[in-house]
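Chemist: I would like the atomic coordinates for the input below:
(one chain, ligands or ions: 1)
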Amino acid sequence: MTSKPDIDTTGSSAGRLKSDTCDQDWIWERDVETASPADQVAAASIAWDTQMQHLAGGSPFYARKFRQAGVGDPTRVRLADITSLPFTTKDELKKSVDEQPPFGSNAGVPEERVKRVYQTSGTTGTPTVIPLTRIDMDTWTTIGSRTYYATGIHDHHSVLTTFGAGPFVAGHTHFVLTRIGSRAVPVAPGDTGRVLTGLKTGLADTLLSTPSFAQYLANKLEGSTPDPRSLRLMHVVTGGEPGGGIPAIRDHIERVLGATVTEVMGIGDVAPSLFGECPQQNGMHFCGSGHVWPELVDPETQAPMAIETGAVGELVYTHLTREAMPVVRFLSGDIVRIEGTSCECGRTTFRMRCLARRDDMFIVRGVNVYPSAILAVVGDFRPRVTGRARVVRRDSAVSVQPPVPVEVEVPEAGQADPQLAAAIEEAVHTRLTFRCKIELIPEESFGASGYKTNLTVRRQ
Ligand SMILES: [Zn+2]
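Modeler: This next block holds a predicted model:
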């Protein structure tokens with residue numbers, strides 16, 4: 001960290017936006033985040049060798065797993081040969097906890113060294129625990145600081161955060177904001193009243209929220225007086241679900257609120273904030289260098305893929321420094337597109353957009369479809385739609401016969417508009433090449449708070 005340039009905080013909202021774009025070359029750990037690819041691999045390789053010694057001594061789970069996979073002496077496997085090791089699934093991690101609660105056969109450290117425990121949100125079954133040592137907590141804060149600093153949150157900002165403090169890993173963001181040195185204004189998820197008061201009174205210039213909630217705010221404030229663009233808010237950082245990188249959603253929030261939108265992403269089992277989008281707005285930078293080793297694999301065959309511009313695959317993660325519950329080649333379930341491997345901001349870490357959870361992806365007549373692509377089409381019909389939509393899946397089959405049922409949220413007035421449904425169906429067919437059946441659902445029936453939107457709903 002070096003000294004930071006002065007910033008103009010005296011001008012209009014537009015003036016502040018301009019001065020913020022000057023921030024984009026600020027980098028939390030410049031030596032790490034701008035290292036050459038060769039230097040990144042060299043640093044990761046050293047950490048990997050130490051980590052494999054740690055696993056050999058602290059994880060009966062991996063000792064057994066490697067033995068069953070026919071790996072001779074795992075401590076002799078170099079990082080360059082990591083693809084010779086088996087993948088780890090979420091299901092296996094759960095079983096490792098079940099067979100030896102509370103932290104399981106992959107605890108990694110004696111129980112007394114665990115100093116913080118988060119639980120997953122349990123969207124795919126019973127919650128699982130995520131134990132952290134003091135060093136693990138610090139690592140999460142370091143990676144998170146790179147992530148949020150990359151999005152443009154710096155020590156002079158005042159950040160209204162709607163990410164809950166616990167038991168979920170997103171609450172770790174509060175440690176990150178403290179480390180960066182920004183002012184934090186915590187609000188409970190979906191507490192619209194406090195968010196609006198905070199924004200209108202100028203408590204914060206930055207909002208952290210899900211894209212669904214930011215979109216909900218933009219819909220609510222659009223056309224209101226005073227003009228929401230006159231608010232002090234200049235920056236919205238979205239996370240928790242895809243959406244902040246979809247032009248139809250991002251552009252609407254930016255236009256209504258007069259704020260820049262960038263996004264973050266992480267994964268509880270690895271690090272809650274692992275990717276941050278810089279103000280260039282060209283995808284999220286990988287921010288875990290030195291602590292997490294990322295791989296890309298084919299979502300269907302799981303064959304390794306090069307991390308190069310345009311590649312679409314599933315992210316796989318390996319902890320390089322994690323003490324408690326470390327993972328090796330963890331299949332994340334996140335399907336991403338690599339947007340680039342360099343950036344004008346100076347970071348040399350790859351950039352990506354998340355397209356979907358693997359479970360949300362489906363196939364129509366041989367073509368892979370991501371629900372986020374449907375959102376991008378639906379968003380163009382604003383203000384007759386709110387921007388939220390979800391795909392209805394009747395069974396667990398990956399292949400779906402057209403027309404694909406899609407529910408689209410509309411303001412109450414748009415409910416009985418058959419022309420609107422037909423127009424969206426036509427647009428989906430033109431842009432995504434498959435037929436869908438649109439059902440328009442009024443806002444009050446679509447879902448509770450609009451804080452988070454499941455892109456897929458399963459029903460008979
Ligand atoms: Zn960048």
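Chemist: Skip the chain neighbours and tell me the closest residue to residue 200.
Modeler: residue 231 (6.8 Å; CB to CB, 6 or more residues apart in numbering). All C-beta atoms are positioned from the backbone trio N, CA, C, and that covers glycine.
Chemist: what's the answer for residue 137, then?
Modeler: Nearest residue to residue 137, sequence neighbours excluded (CB to CB, 6+ apart): residue 116, at 5.6 Å.
Chemist: shouldn't the one you found be in contact with residue 138?
Modeler: No - contact criterion CB atoms under 8 Å: residue 116 and residue 138 do not qualify, at 10.8 Å.
Chemist: out of the two, which sits in the busier spot?
Modeler: residue 116 (16 against 13; other CB atoms under 10 Å).
Chemist: need the contact list for that one.
Modeler: Residue 116 is in contact with 131, 132, 137, counting by CB atoms under 8 Å, 6 or more residues apart in numbering.
Chemist: Please, a ChimeraX command that selects the buried ones among the residues you listed?
Modeler: A single ChimeraX command suffices to select whichever of the contacts of residue 116 are buried according to 16 or more other CB atoms under 10 Å:
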select :131,132
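Chemist: Okay, domains of this structure per the record?
Modeler: Domains of the chain are assigned by automatic domain parsing as 13-35+136-357, 361-458.
Chemist: okay, those, which one's buried deepest?
Modeler: Among the domains of the chain, domain 13-35+136-357 has the highest mean neighbour count (mean count of other CB atoms under 10 Å), at a mean of 20.
Chemist: that older thread, roughly how far does the residue nearest to residue 137 sit from residue 326?
Modeler: Using CB to CB, to the nearest Å, we find residue 116 at a distance of 16 Å from residue 326.
Chemist: least reliable of the domains of the chain going by mean pLDDT?
Modeler: Ranked by mean pLDDT, these end with domain 361-458 in last place, scoring a mean of 89.
Chemist: tell me how far the ends of it are from each other?
Modeler: Start-to-end span of domain 361-458 (CA to CA, to the nearest Å) is 13 Å.
Chemist: for stretch 391-406, same thing?
Modeler: Using CA to CA, first and last residues of stretch 391-406 are 5 Å apart.
Chemist: Identify the residues contacting the most centrally placed residue in the chain.
Modeler: Nearest to the mean C-alpha position of the chain, by CA atoms, centre = their mean, lies residue 265 at 2.1 Å. Counting by CB under 8 Å, 6+ apart, residue 265 makes contact with 239, 273, 274, 275, 284, 334, 354.
Chemist: Setting the sequence-adjacent residues aside, check what's closest to it.
Modeler: Nearest residue to residue 265 in three dimensions, chain neighbours excluded: residue 275, at 4.5 Å (CB to CB, 6+ apart).
Chemist: C-terminal to whatever helix or strand the one you found lives in, what's the next element?
Modeler: Here residue 275 sits within strand 271-277, counting by DSSP states H and E. Next helix or strand after strand 271-277 toward the C-terminus (DSSP H and E): strand 284-286.
Chemist: what are the pairing partners of the helix or strand just after that next one, and which direction each?
Modeler: Next helix or strand after strand 284-286 toward the C-terminus (DSSP H and E): strand 292-297. Partners of strand 292-297 in the sheet, by DSSP bridges, are strand 304-305 (antiparallel), strand 312-319 (antiparallel).
Chemist: Return the distance of residue 100 relative to residue 179.
Modeler: Taking CB to CB, one finds residue 100 at 34 Å from residue 179.
Chemist: TSV please, covering the contacts of residue 116 and showing secondary structure and distance to the ion.
Modeler: Shown next, in TSV, are the contacts of residue 116 (DSSP: H, G, I helix; E, B strand; the rest coil; distance: CB to the ion, whole Å):
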residue	secondary structure	distance to the ion
131	strand	33
132	strand	29
137	helix	27
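Chemist: returning to that earlier point: format the strands paired with strand 292-297 as JSON lines; extra columns: distance to the ion.
Modeler: Below are the strands paired with strand 292-297 laid out as JSON lines (distance: least, CB to the ion, whole Å):
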{"stretch": "strand 304-305", "distance to the ion": "22"}
{"stretch": "strand 312-319", "distance to the ion": "18"}
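Chemist: Among those strands, which comes closest to residue 388?
Modeler: strand 312-319 (24.6 Å; CB to CB).
Chemist: how big is the angle separating the closest one from strand 271-277?
Modeler: Put simply, strand 312-319 runs at 130 degrees to strand 271-277, going by axes from the mean of the first three to the mean of the last three CA atoms, to 10 degrees.
Chemist: what comes into contact with the next helix or strand after strand 312-319?
Modeler: Using DSSP H and E, the next helix or strand after strand 312-319 towards the C-terminus is strand 330-340. Strand 330-340 is contacted from outside by 87-90, 93, 265, 267, 269-270, 282-283, 296-297, 299, 302, 307-318, 350-359, 361, 370, using CB under 8 Å, 6+ apart.
Chemist: could you point out which element follows the biggest helix by length in the chain?
Modeler: For the chain, the longest helix by residue count, based on DSSP state H, is helix 37-58. The helix or strand immediately downstream of helix 37-58 is helix 60-68, counting by DSSP H and E.
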